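Undergrad: Could you look at this predicted model? Sequence included:
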Amino acid sequence: MRLLDQFEGSKLLPNIMHFGRVLRSAGLPVGPGKIIDAVNAVQTVGIASRKDFYWSLHAVFVNRRDQHDVYDQAFHIFWRDPRLLERMLGMLMPEVPGEEQNEPQEPPSRRIMEAMSPKEQEGQQQEQEKEPEVEVEATLTASANELLQKMDFEDMSAEEVAAAKAAISRMRLTIDEVPMRRFERSHRIDRVDMRATLRAAMRSGGGLIPLQYRRRRKRTPPLVILCDISGSMGRYTRMLLHFMHAITNDRDRVHTFLFGTRLTNVTRHLRQKDVDVALECCNDMVDDWSGGTRIGESLKEFNRFWSRRVLGQGAVMLLISDGLDRDAGRGLEIEMERLHKSCRRFVWLNPLLRFEGFEPKSQGIRAILPHVDEFRPVHNLESLTELVDALNRQLSRRQEGMGEWLQAM
């Protein structure tokens with residue numbers, strides 16, 4: 001009541017409520033309880049300082065690091081930051097030839113633009129619903145229209161992100177079984193099991209010697225994932241974490257590590273059945289989210305403390321990173337060579353590979369490439385589907401195509 005008396009006649013309270021609706025439309029989990037908490041926070045902090053007002057709402061509406069960018073853009077646009085308003089208006093103004101142009105600024109995300117204009121978005125959705133959808137047959141159980149399959153994760157709206165998450169949650173990874181060193185009993189004529197044959201002969205009194213056979217046991221190899229969570233990978237980390245959660249809960253022996261400037265094992269947290277609970281646990285566990293990248297030091301820590309534990313029995317390894325290293329590739333080649341020799345297959349997923357003119361110019365990328373069996377893009381649902389296709393096939397350790405590509409560099 002004190003807040004109502006203090007700002008009687010103003011539109012602050014309705015605007016806080018509308019701001020919460022905008023954040024909810026942009027994909028943040030905002031409900032009536034958080035709206036009430038936001039009003040209480042503003043009542044406690046006050047509105048004398050714009051900075052204090054910003055952080056008081058931030059403390060209520062943002063509970064994960066990946067939500068910060070969405071909140072920041074929505075706040076400055078909704079509460080009328082002149083610089084962002086000029087940027088948005090500049091996108092609509094015609095360019096005059098010969099006029100000096102300022103440095104290009106990154107436009108607000110599509111999720112924020114749609115949340116700010118819900119009426120226009122509803123009209124666009126109605127028009128899209130009238131158009132016939134082209135269904136594609138995915139290798140996984142995920143089924144979505146062709147546009148959603150090819151759309152970059154960075155360009156998705158809030159509804160498209162939700163649809164992509166639902167498609168990822170239905171993905172199934174069935175890596176073919178590989179033979180192990182141990183044997184098991186077999187009824188087919190294969191290798192003769194001498195020990196079992198002698199035992200059978202002793203039971204029969206030696207008159208008959210029934211041959212017993214054995215074969216190698218088969219089991220799916222372990223899957224180890226190293227995912228880069230630095231600032232340059234932040235726009236893709238959210239969707240890839242959903243992908244890793246779906247795989248971890250679908251099969252056994254999946255080990256997941258996140259790294260930026262340090263290495264963090266989040267395997268136990270991703271085994272939570274509820275994806276929101278799993279991501280919340282990962283968020284609390286990791287301290288270097290959206291920071292720098294030290295790939296060499298992170299791989300060194302993995303090789304020293306974890307490789308012997310998780311890379312046994314012909315493990316398949318996925319490295320998800322753009323290869324941009326803060327240490328300029330120092331010590332990276334040595335760690336990559338050791339890591340490559342410790343696993344059956346090494347697959348590198350790089351979102352930068354989606355660009356047609358991609359060239360391995362950075363030292364980090366050049367240090368990793370010679371020790372990679374497969375080099376694939378990861379930026380949309382289609383790339384994830386193709387990845388699972390590749391993992392479900394047994395390929396040679398070093399493909400000829402990769403060797404030819406490296407020689408042409």
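TA: Right, received. Where do you want to start? Numbering: from 1, shown residues only.

Undergrad: Now do the strand ranked longest in the chain: which elements does it pack against?
TA: If you go by DSSP state E, the chain has its longest strand at strand 178-186. On a contact count with 3 or more C-beta pairs under 8 Å, 6 or more residues apart in numbering; DSSP states H and E, strand 178-186 meets strand 213-219. C-beta coordinates here come from the backbone N, C-alpha and C atoms, glycine included.

Undergrad: give me the number of residues near G46?
TA: Neighbour count for G46, taken as other C-beta atoms under 10 Å: 12.

Undergrad: what's the answer for A200, then?
TA: The criterion is other C-beta under 10 Å. On that basis, A200 has 15 neighbouring residues.

Undergrad: Remind me which helix or strand the residue most central in space within the chain belongs to.
TA: With distances taken as C-alpha atoms, centre = their mean, L240 lies nearest the centre of the chain, 1.4 Å away. Of the helices and strands defined by DSSP states H and E, L240 is found in helix 234-248.

Undergrad: contacts for that helix?
TA: Contacting residues not belonging to helix 234-248 are listed as 66, 69, 153-154, 161, 164-165, 168-171, 173, 223, 225, 227-229, 254, 256, 267, 270-271, 275, 278-279, 282, 289-290, 320, 351, 378-379, 384 [C-beta atoms under 8 Å, 6 or more residues apart in numbering].

Undergrad: Report the buried members of these.
TA: Neighbour counting with 16 or more other C-beta atoms under 10 Å marks 66, 69, 153, 161, 164-165, 168-169, 171, 173, 223, 225, 227-229, 254, 256, 267, 270, 275, 278-279, 282, 289-290, 320, 351, 378-379, 384 as buried within these.

Undergrad: In helices only, show me these.
TA: Those of the buried ones among the contacts of helix 234-248 mapping onto helices are 69, 161, 164-165, 168-169, 267, 270, 275, 278-279, 282, 384, per DSSP state H.

Undergrad: And these, which two are furthest apart?
TA: Pairwise distances among those were taken by C-beta to C-beta; the largest, 27.0 Å, belongs to D69 and T267.

Undergrad: all strands for this protein, in order.
TA: 178-186, 191-192, 213-219, 223-228, 254-259, 263-265, 316-320, 345-349, 374-376.

Undergrad: For the last one, which strands pair with it and how are they oriented?
TA: Think strand 374-376. For strand 374-376, sheet partners with direction are given as strand 345-349 (parallel), following DSSP bridges.

Undergrad: contacting residues around the strand it pairs with?
TA: Contacts made with strand 345-349 from outside it, assessed by C-beta under 8 Å, 6+ apart, are listed as 316-321, 339-340, 368-369, 371-378, 387, 390-391, 395, 397.

Undergrad: Buried members of the residues you listed into PyMOL, please.
TA: Applied in PyMOL, the following selects the buried portion of the contacts of strand 345-349 according to 16+ other C-beta under 10 Å:
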select buried, resi 316+317+318+319+320+321+339+340+368+369+371+372+373+374+375+376+377+378+387+391
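
Undergrad: Give the residue spans of this protein that score low on pLDDT.
TA: Under the criterion of pLDDT under 70, the regions of the chain flagged as low confidence span 1-10, 81-145, 175, 206, 393-409.

Undergrad: what residues go with each domain of it?
TA: By the assignment in automatic domain parsing, the chain contains the domains 2-85, 179-219, 223-407.

Undergrad: Point out the one among those domains that comes closest to L148.
TA: Distances from L148 to each of the domains of the chain were compared by C-beta to C-beta, and the smallest falls on domain 223-407, at 6.4 Å.

Undergrad: Count the residues that sit near A328.
TA: The number of residues packed near A328 is 12, by other C-beta under 10 Å.

Undergrad: ok, it to E297 distance?
TA: According to C-beta to C-beta, to the nearest Å, A328 stands 12 Å off from E297.

Undergrad: Over to R262?
TA: R262 is 8 Å from E297, where distance means C-beta to C-beta.

Undergrad: what separates M180 from Q313, distance-wise?
TA: As judged by C-beta to C-beta, M180 and Q313 stand 7 Å apart.

Undergrad: Mutual contacts of these two, please.
TA: When contacts are counted by C-beta under 8 Å, 6+ apart, the set common to M180 and Q313 consists of R219.

Undergrad: what's the nearest residue to K34 once chain neighbours are set aside in contact with, if anything?
TA: Here the nearest residue to K34 in space, its sequence neighbours aside, is V60; by C-beta to C-beta, 6 or more residues apart in numbering that works out to 5.6 Å. Taking C-beta under 8 Å, 6+ apart as the definition of contact, the neighbours of V60 are K34, D37, A38, A41.

Undergrad: ok, now G312?
TA: Contact analysis of G312 by C-beta under 8 Å, 6+ apart lists P222.

Undergrad: Any figure for the gap between it and T267?
TA: When C-beta to C-beta is the yardstick, G312 and T267 sit 15 Å from each other.

Undergrad: and what of F19?
TA: Between F19 and T267 the distance, using C-beta to C-beta, works out to 38 Å.

Undergrad: Over to R366?
TA: The value you get for R366 to T267, if C-beta to C-beta is used, is 30 Å.

Undergrad: Same question for D322.
TA: 23 Å.

Undergrad: Would you mind confirming that L173 makes contact with R253?
TA: No - if you go by C-beta atoms under 8 Å, L173 and R253 don't touch, sitting 11.7 Å apart.

Undergrad: Overlap in contacts, these two.
TA: Contacts common to L173 and R253, judged by C-beta under 8 Å, 6+ apart, are L223.

Undergrad: Which strands border the longest strand of the chain, and is each parallel or antiparallel?
TA: Within its sheet, and counting by DSSP bridges, strand 178-186 is paired with strand 213-219 (antiparallel).

Undergrad: Sounds good, over and out.
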